[in-house]
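A.B. asks: Generate a structure from the sequence data that follows.
(one chain, ligands or ions: 1)
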Amino acid sequence: MKQKIDQAVAVLQQAVRDFPPACFANSLGAEDMVLTDLIARHGLDIGMFSLDTGRLPQQTYDLMQEVRGHYAVPLQVYFPDSALVEEYVAQHGINGFYGSVENRKGCCFARKVEPLRRALAGKGAWVTGMRREQAVTRGTLQFSSFDTDNGLQKLNPLLDWSNRDVWAYIREYDVPYNKLHDQFYPSLGCAPCTRSVTPGEDIRAGRWWWENPENKECGLHASHSSGTSREARVFGVSAQGNVGSAAHDVGRSQNLPGKECSLHVSSTSLEASRIRIREISVQVHDAQKAIA
Ligand code: SF4
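C.D. replies: A predicted model of the protein is given here:
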């Protein structure tokens, strides 16, 4: 464990030294709480931010507040562009994401991706909690590589950590974490788009559960779907353990193939989503005019 901690700190130090200003996109998930602790513990000059989609579970807001009190590192919170969300809601309704995959991706764009773009603007690097074992297609991930979609360096200090390492660190250093992990919630995403899962249940069951499995991705990481079977097997084994550890393993399923968070969406897909939102708006407007 010490070797992995030292390696992670070395990557964080590289971000500070070689790619200033560096920032950390804190999703408040388990990995990101480890990174929060490492950054604070080592006094690293890395700006930390979270995205408040406006639809997060209460437990995530509780953790956000707890982080503020627990650490001396400020957590900047980015909110969606109100005009973009208002436009989306006007066209699709407050829960329009249940209507279609396209609608869901449009909501993710307005509430997650656009704010991320603002958060990363002007930064030299961003740090994420991505790990190799989260998906078979992440086997080629590097500790440090250039993120062409967002135009800055991307560093993954926990690349070689296992899920067990993450939770061992959290327990060893008494790191705050989202209590939903103890309740079989596979994701720390938005409340209306995530439900709890039961041990042995399909790993995709809790995320955007109303969608067909083949649609459960943002369009960026479609190739990750090839790893679903393997991850399902991993989950099935993990879920045989006690409730706590099973819940923690379930929690990792949020990053399984085909369930990538929108923060890693390609610029091409983003533009397609934005354009599609506009197109739909025009179509609805024209239809309304025709009816009138
Ligand atoms: S996860 Fe759901 S509520 Fe959150 S941004 Fe995506 S579609 Fe919207």
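A.B. asks: Could you use CA atoms for every contact and neighbour count after this?
C.D. replies: Will do.
A.B. asks: List the beta-bridge partners for G47.
C.D. replies: Counting by DSSP bridges, G47 forms beta bridges with C23.
A.B. asks: Does it touch V16 like I think?
C.D. replies: No. Using CA atoms under 8 Å, G47 makes no contact with V16, being 10.0 Å away.
A.B. asks: Just the CA atoms of stretch 48-58, as CSV, please.
C.D. replies: These are the backbone C-alpha positions of stretch 48-58, laid out as CSV (Å, rounded to 0.1, in the frame of the first residue of the first chain):
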residue,chain,number,x,y,z
MET,A,48,-10.4,21.0,-6.5
PHE,A,49,-13.9,21.3,-8.0
SER,A,50,-17.1,19.4,-8.2
LEU,A,51,-20.1,19.6,-10.5
ASP,A,52,-23.5,20.2,-8.9
THR,A,53,-26.0,19.0,-11.5
GLY,A,54,-28.8,20.2,-9.4
ARG,A,55,-30.1,16.6,-9.1
LEU,A,56,-27.6,15.0,-6.8
PRO,A,57,-28.7,12.8,-3.9
GLN,A,58,-28.8,14.4,-0.4
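A.B. asks: which of the residues in it are buried?
C.D. replies: For stretch 48-58, the neighbour count (16 or more other CA atoms under 10 Å) marks 48-53, 56-57 as buried.
A.B. asks: Poorly predicted segments of the stretch 51-200 of the chain, please.
C.D. replies: Within the stretch 51-200 of the chain, the set of residues satisfying pLDDT under 70 comprises 134-138, 186-187.
A.B. asks: how about the helices in it?
C.D. replies: Per DSSP state H, counting those that start in this stretch, the stretch 51-200 of the chain carries helices over the ranges 58-70, 82-92, 101-108, 114-120, 163-172.
A.B. asks: Among those helices, which comes closest to the ligand?
C.D. replies: Minimum separation from the ligand across those (CA to the nearest ligand atom) falls at helix 101-108, 3.5 Å.
A.B. asks: Which strands or helices does that closest one pack on?
C.D. replies: The elements that helix 101-108 packs onto, with contact taken as 3 or more CA pairs under 8 Å, 6 or more residues apart in numbering; DSSP states H and E, are helix 82-92, helix 267-291.
A.B. asks: okay, the angle between that helix and helix 82-92?
C.D. replies: Using axes from the mean of the first three to the mean of the last three CA atoms, to 10 degrees, the inter-axis angle of helix 101-108 relative to helix 82-92 is 160 degrees.
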